[in-house]
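Asker: After the sequence you'll find the predicted model.
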Amino acid sequence: MSVQVAVAAPAVELKELGGPMDKAAGPPCEPVGAHAAGHGVAAAAAPACPVPGAEREAAPAPSAERPPGGGCPGLSSAAAMSSASAMSSAAGKVPQASAMKRSDPHHPQHRHRDGSDSSGGAAEALVSPDGTVTEAPRTVKKIQFADQKQEFNKRPTKIGRRSLSRSISQSSTDSYSSAASYTDSSDDETSPRDKQQKNSKGSSDFCVKNIKQAEFGRREIEIAEQEMPALMALRKRAQGEKPLAGAKIVGCTHITAQTAVLMEMLGALGAQCRWAACNIYSTLNEVAAALAESGFPVFAWKGESEDDFWWCIDRCVNVEGWQPNMILDDGGDLTHWIYKKYPNMFKKIKGIVEESVTGVHRLYQLSKAGKLCVPAMNVNDSVTKQKFDNLYCCRESILDGLKRTTDMMFGGKQVVVCGYGEVGKGCCAALKAMGSIVYVTEIDPICALQACMDGFRLVKLNEVIRQVDIVITCTGNKNVVTREHLDRMKNSCIVCNMGHSNTEIDVASLRTPELTWERVRSQVDHVIWPDGKRIVLLAEGRLLNLSCSTVPTFVLSITATTQALALIELYNAPEGRYKQDVYLLPKKMDEYVASLHLPTFDAHLTELTDEQAKYLGLNKNGPFKPNYYRY
């Protein structure tokens, strides 16, 4: 068995300390890489990281007089052959830690009792060819790290920071990451709006980053289908009836593999769909390409500008010969755009399905002002959305997003979570389980009491802003974290948002001349103050989990099934069932969505007897809880 050894070479200086060694004492110890190379073991030296202001000396070239065996000049050919033979016979053994020379002059085993270095006269341990450990005379060379010349806490200059930032940014865009999948791998900086692309059927009614990525996207969609059993079951049951035949659905959601499964399911039920993204960072380019290749008019790519964002929505809505009659929205931007630009379209629209806190808030505002002219379904507050997508999804995805962007460890970190709704509850539970010290801010006394009973310290943000390591917003509000808070944060504090909208953190106040922005990697920025303090801002204050990572597919199956049923209900509802108002999903549909997911867990529901149903005053088939029940 061959052994591969990879050794990173630090920036070092080699200084001569003494005269030639006595050849009779045996060969001197070599650096690990050279010793390995002399015995047929591959060694790879990685370049050292640059140290600002440090001078680096070139490593001396190998001597031309070195024997073929790769040993020291004092090692005879016979000894070299003996050494090679010994290594060959021991090739199947794992090297022990005690058989490795410690070259750190500050290691405890290299210091005398009075604290002096071993180079002052003590012998070092060497490994002989037969594997025994012996003592060697005084070493000839001493390793001195170049960065020992530098002051340990000295900050790099602003110029150094900027050049390093550019280097990291470039390497980030050239590499693949599991968070962005194939999204950030393209070297083509041309805007998709300036490209002429066609799918294999000759259609150009789409705008994606690169249609050639469709094959990768198709594989991701196929994986997602395996974790969305209820949606696939609903598709199988309903595609014969075509309950959405004639429906023209315009959608504005996160374009991920899970959304693709929903879109294809809606198509199988008879609907025509046009789609845009509700977040400039959450689109998976390869999935968008796969949808475009399948014939869906998709207008989205990762990293859109604000102008691109509204342009994509407009291309979905404003198309000759096609007018939507249903809206599926996430955040309310699509609904807002139609109200602003094309209000006459609502004459033919049968209903709106909205799944976010922000979008639902906008709908209730329109309803209160008497401006909501079509029925709307509040999916966000349905049990199957709120309790599963908001709570369980965020409980897992908050850690995923933070890990992928910062590689941080959560144990012992002080975290403040702003808001203790379902999203906040999920975030706090996950962080607490990882050993973090979690504080909560809240305006609602009921949610605040829940936080206290769950073991979290309820505080005002001003009370802990100087000491916390992470700030997470999930309120659905605006200006939760202001410039005053940002100014008072400790160095390297991580700031992120788990709410849908980017209004919770006052990011606009950070775009001033006195602050320097550094792009570290995709969706990770350092914002640096004049005194050198910096914060780590994730996704520019936008939704962390879908911008910087992914979310659990199974949970999205629950949400997508709820959305599909809401669309079917509004589209097929008889005239007069729903007024121009905002409605919750009927309880019976919530229970149906949940029941479709139970077979995945091999779960078996208990059935009421006739006597029990009569005693409770329920139908044996549900619904089992009144609308006012709090889950």
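Answerer: In hand now; what should we look at? Numbering: from 1, shown residues only.

Asker: Surely Ala289 is within a strand?
Answerer: No - using DSSP: H, G, I helix; E, B strand; the rest coil, the secondary structure at Ala289 is helix, not a strand.

Asker: Give me the number of neighbouring residues for it.
Answerer: Residues near Ala289, counting by other CB atoms under 10 Å, number 27. Where you see a C-beta, it was placed from the backbone N, CA and C, and this is true even at glycine.

Asker: quick one: it from Ser547, how far?
Answerer: 19 Å (CB to CB, to the nearest Å).

Asker: For Ser204, which non-adjacent residue is spatially closest?
Answerer: Nearest residue to Ser204, sequence neighbours excluded (CB to CB, 6 or more residues apart in numbering): Lys198, at 4.9 Å.

Asker: Find the helix or strand that that neighbour is a member of.
Answerer: Counting by DSSP states H and E, no helix or strand carries Lys198.

Asker: do Val495 as well
Answerer: strand 493-497.

Asker: For that strand, what is the distance to the chain centroid?
Answerer: 13 Å (CA atoms, centre = their mean, to the nearest Å).

Asker: Show me what that strand is in contact with.
Answerer: 401-402, 406, 408, 468-474, 481, 486, 489, 504-505, 535-539, 541-544 (CB atoms under 8 Å, 6 or more residues apart in numbering).

Asker: next structured bit after that strand?
Answerer: Counting by DSSP H and E, what follows strand 493-497 is strand 516-521.

Asker: how close does Leu210 get to Arg218?
Answerer: You called it Leu, but residue 210 is Asn. Counting by CB to CB, the gap from Asn210 to Arg218 is 14 Å.

Asker: mind showing which ranges of the chain have poor pLDDT?
Answerer: For the chain, applying pLDDT under 70 flags the ranges 1-188.

Asker: sorry, back to before: selection in ChimeraX covering whichever of the contacts of strand 493-497 are buried, please.
Answerer: Selecting only the buried entries of the contacts of strand 493-497 in ChimeraX, with 16 or more other CB atoms under 10 Å as the criterion:
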select :401,402,406,468,469,470,471,472,473,474,481,486,489,504,505,535,536,537,538,539,541,542,543,544
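
Asker: Among the contacts of strand 493-497, name the ones in strands.
Answerer: Ile470, Val471, Ile472, Thr473, Ile535, Val536, Leu537, Leu538 (DSSP state E).

Asker: how about these, which pair is most distant?
Answerer: Farthest-apart pair in the ones in strands among the contacts of strand 493-497 is Thr473 and Val536; separation 14.6 Å (CB to CB).

Asker: For stretch 353-363, buried residues please.
Answerer: Those would be Val353, Glu354, Glu355, Ser356, Val357, Thr358, Gly359, Val360, Arg362, Leu363, for stretch 353-363 by 16+ other CB under 10 Å.

Asker: And the closest residue to the third one other than its chain neighbours, how far from Met345?
Answerer: Okay, so that is Glu355. In space, and not counting its chain neighbours, Glu355 is closest to Val379: 4.3 Å by CB to CB, 6+ apart. Distance from Val379 to Met345, counting by CB to CB: 21 Å.

Asker: what about these two, which has more around it?
Answerer: Val379 (27 against 17).

Asker: Quick one: list the elements packing against whichever helix in the chain runs longest.
Answerer: Counting residues, the longest helix found in the chain (DSSP state H) is helix 553-572. Judged by 3 or more CB pairs under 8 Å, 6 or more residues apart in numbering; DSSP states H and E, helix 553-572 is in contact with helix 229-238, helix 257-268, strand 326-329, strand 351-354, strand 376-378, helix 587-597.

Asker: and these, which is most packed in?
Answerer: strand 326-329 (a mean of 27; mean count of other CB atoms under 10 Å).

Asker: Now do the same contact list for the residue positioned nearest the centre of the chain.
Answerer: Closest to where the C-alpha atoms of the chain average out (CA atoms, centre = their mean) is Ser549, at 2.4 Å. With contact taken as CB under 8 Å, 6+ apart, Ser549 is in contact with Ala179, Ser397, Asp400, Gly401, Lys403, Arg404, Thr405.

Asker: Return the distance of the closest residue to the fifth one other than its chain neighbours relative to Trp310.
Answerer: Here the nearest residue to Lys403 in space, its sequence neighbours aside, is Ser549; by CB to CB, 6+ apart that works out to 7.9 Å. Per CB to CB, Ser549 is found 26 Å from Trp310.

Asker: before we move on, what about Ala539?
Answerer: Distance from Ala539 to Trp310, by CB to CB: 19 Å.

Asker: follow-up on the earlier one: which phi and psi does the residue nearest to Lys403 have?
Answerer: Here is the backbone geometry of Ser549 (degrees, to the nearest 10): phi -150, psi -140.

Asker: Doesn't His336 belong to a helix?
Answerer: Yes - under the criterion used here (three-state DSSP), His336 sits inside a helix.

Asker: Not counting its neighbours along the chain, what's nearest it?
Answerer: Nearest in space to His336, with sequence neighbours left out and distances taken as CB to CB, 6+ apart, is Arg362 at 6.8 Å.

Asker: Mind picking the one among the ones in strands among the contacts of strand 493-497 that's closest to Cys452?
Answerer: Closest approach to Cys452 among the ones in strands among the contacts of strand 493-497 (CB to CB): Ile472, at 18.5 Å.

Asker: what's across from that closest one in the sheet?
Answerer: Val417, Cys496 (DSSP bridges).

Asker: which ones are touching it?
Answerer: Ile398, Val415, Val416, Val417, Cys418, Cys427, Cys496, Asn497, Met498, Leu544.

Asker: now do 6 Å
Answerer: Shown in contact with Ile472 (CB atoms under 6 Å, 6 or more residues apart in numbering): Val417, Cys427, Cys496, Met498.

Asker: any idea how far it is from Val440?
Answerer: In terms of CB to CB, Ile472 sits 10 Å off from Val440.

Asker: on that earlier part again, between the contacts of Ser549, which is nearest Ser294?
Answerer: Ala179 (24.5 Å).

Asker: Now the strand or helix carrying Lys340: buried residues?
Answerer: Using DSSP H and E, the element containing Lys340 is helix 333-341. For helix 333-341, a neighbour-count test (16+ other CB under 10 Å) marks Asp333, Leu334, Thr335, His336, Trp337, Ile338, Tyr339 as buried.
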